[in-house]
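K.L.:
quick check, what structure comes out for this input:
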Amino acid sequence: MAKNRFWFQAHWLVGISVGILLAMMGITGSIMAFQDPILEALNEDARQVEVKGERLPLPVMLQHAEAEAQRLGARVRALTVPQNADGAARVLMLSGRSEIVRYMNPYTGEWQAGGDRGEKFFELVEEVHRGLITDRLGGQYVGRRVLDAAAVLLIGLVATGLYLRWPRRTTNWRAWFVVDTRLRGRGFLYSLHAVVGTYVLPLLLLSALTGLYFAYDWYGTMLERMAGVSPVAKEQMAGKPLVTPDIEKVWATFTQATAGAQVGQVSMRLPRKAEEPLRIQYLDADAPHMTTLNTIKIDPTNSQLLSHERYADKQTGARLLSSVLAIHKGSYFGVVGSLLLMLSSLAVPLFVITGWMMYLDRRRVEERVRKRQAASAAAA
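P.N.:
Have a look, this model is predicted:
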């Protein structure tokens, strides 16, 4: 009993302490679950072009992008050319801490009108979700560290919640999966809190454990080692300065590395800091889904190939790790996965509300008991 009381106290103390932060993460996470299809629908006109002959070579597209970035006082971060012939090239630019998304006609180099509808909204939602809003407000990382710690505490809440609600008769399936609507007050709140928790427990653990990959370097490194991801490119870039890469030579290196392959979508990501390689991710033309990415890392100082990781050659762990963001958002499992992750994220505010209601009700009961005891002592 003493052990149960300890874990009960720990569970509610953590819950009422970081519950608001977890609820905020849950709400913003649910909003981002369908971010990609929402943005696709909002910007369909800007993301489609008329097919006219051959596409411009990627280095030429990048020249157009660099010119536009210079005009806007920004710098190009990434250029993505889709596989579908009528798709526009997506250019991501950085201006300070803000992102600028533009779409280019890959046949003419002209810029598409619009294309950024909803981008600022989801950028803000992501900043709130990850605690990055503190960067915009004061250039500090306090919020990020606090929310990272809250994600760790969420794992503790799930574990202690499962321990505390373990029924005496484990074969009584109704205690696990059916809310007892005959109860009232705190009893009903507990049943709702516990039963919904049973349904979303594996999904919350999945969200928390994959989210930590982006939060802590040591955690990400540990997973990468377990998955057999080679750090060779990172080691070879040690001491290398940040330079403007020769895109013609970089593209020649990529073309040589992929000779004989049927290449679909291509995304080039330029380095932002010293010791960072230039990265090109591409899909095979017959890729089964958008997470089967092949990754080429190139030294921007001399355009030499550092590594070429093909998705087909990776072990299962490495494949999953390359898709960790899609797993975190649920899109890795299709529309059903996104929907389930969205619902599990929306369950977090429910836990916070019911947890607080049970806590306040318990305090009221305890206060009435104390008053009764005090009145009895006075009468005696």
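K.L.:
wait, isn't I280 in contact with S303?
P.N.:
No - counting by Cβ atoms under 8 Å, I280 stays clear of S303, with 11.8 Å between them. To be clear about C-beta, it is placed using only N, CA and C from the backbone, and glycine gets the same treatment.
K.L.:
intersection of neighbour lists for the two?
P.N.:
Counting by Cβ atoms under 8 Å, 6 or more residues apart in numbering, the common neighbours of I280 and S303 are V250.
K.L.:
who has more neighbours out of the two?
P.N.:
Shown here are I280 and S303; by other Cβ atoms under 10 Å, I280 has more neighbours (23 against 18).
K.L.:
wait, what's in contact with that one?
P.N.:
Neighbours of I280 in contact, by Cβ under 8 Å, 6+ apart: V250, F254, V266, S267, M268, R269, T295, I296, K297, I298.
K.L.:
my read is the first one is in a strand, agree?
P.N.:
No - the secondary structure assignment for V250 gives helix rather than a strand, going by DSSP: H, G, I helix; E, B strand; the rest coil.
K.L.:
that one is in contact with L278, isn't it?
P.N.:
Yes - with contacts counted by Cβ under 8 Å, V250 reaches L278, the gap being 6.1 Å.
K.L.:
so what sits against both of those two?
P.N.:
M268, I298, P300.
K.L.:
out of those residues, the closest to V196 would be?
P.N.:
The nearest member of those to V196, counting by Cβ to Cβ, is M268 at 44.1 Å.
K.L.:
next one: phi and psi at the closest one?
P.N.:
phi -100, psi 130 (degrees, to the nearest 10).
K.L.:
how many other residues sit next to it?
P.N.:
27.
K.L.:
could we number from 9 for the rest of this?
P.N.:
Right, with 9 as the first residue, what we last looked at is M276.
K.L.:
need the contact list for it.
P.N.:
With Cβ under 8 Å, 6+ apart, M276 has these contacts: L66, L70, A86, L87, T88, V258, L286, R287, I288.
K.L.:
of those, closest to Y171?
P.N.:
Nearest member of those to Y171, counting by Cβ to Cβ, is R287, at 42.9 Å.
K.L.:
tell me the first helix or strand C-terminal of the strand or helix carrying the closest one.
P.N.:
Following DSSP states H and E, one finds R287 within strand 286-292. Where DSSP H and E defines the elements, the next helix or strand beyond strand 286-292 is strand 302-307.
K.L.:
about what we covered before: now the strand holding R287: mean pLDDT?
P.N.:
Throughout strand 286-292, pLDDT has a mean value of 95.
K.L.:
please apply the same query to stretch 212-230.
P.N.:
The model assigns stretch 212-230 a mean pLDDT of 89.
K.L.:
export the shared contacts of V258 and L286 as TSV, with columns for distance to A202 and pLDDT.
P.N.:
Listed next are the shared contacts of V258 and L286 as TSV, based on distance: Cβ to Cβ, whole Å; pLDDT from 0 to 100:
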residue	distance to A202	pLDDT
M276	49	96
I306	53	94
P308	54	94
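K.L.:
list just the nearest of those to R370.
P.N.:
Closest to R370, out of all of those and judged by Cβ to Cβ, is M276, at 57.2 Å.
K.L.:
distance of the closest one relative to R98?
P.N.:
Per Cβ to Cβ, to the nearest Å, M276 is found 11 Å from R98.
K.L.:
same thing with V208?
P.N.:
Applying Cβ to Cβ, the value for V208 to R98 is 34 Å.
K.L.:
over to T36?
P.N.:
23 Å.
K.L.:
before we move on, what about R194?
P.N.:
52 Å.
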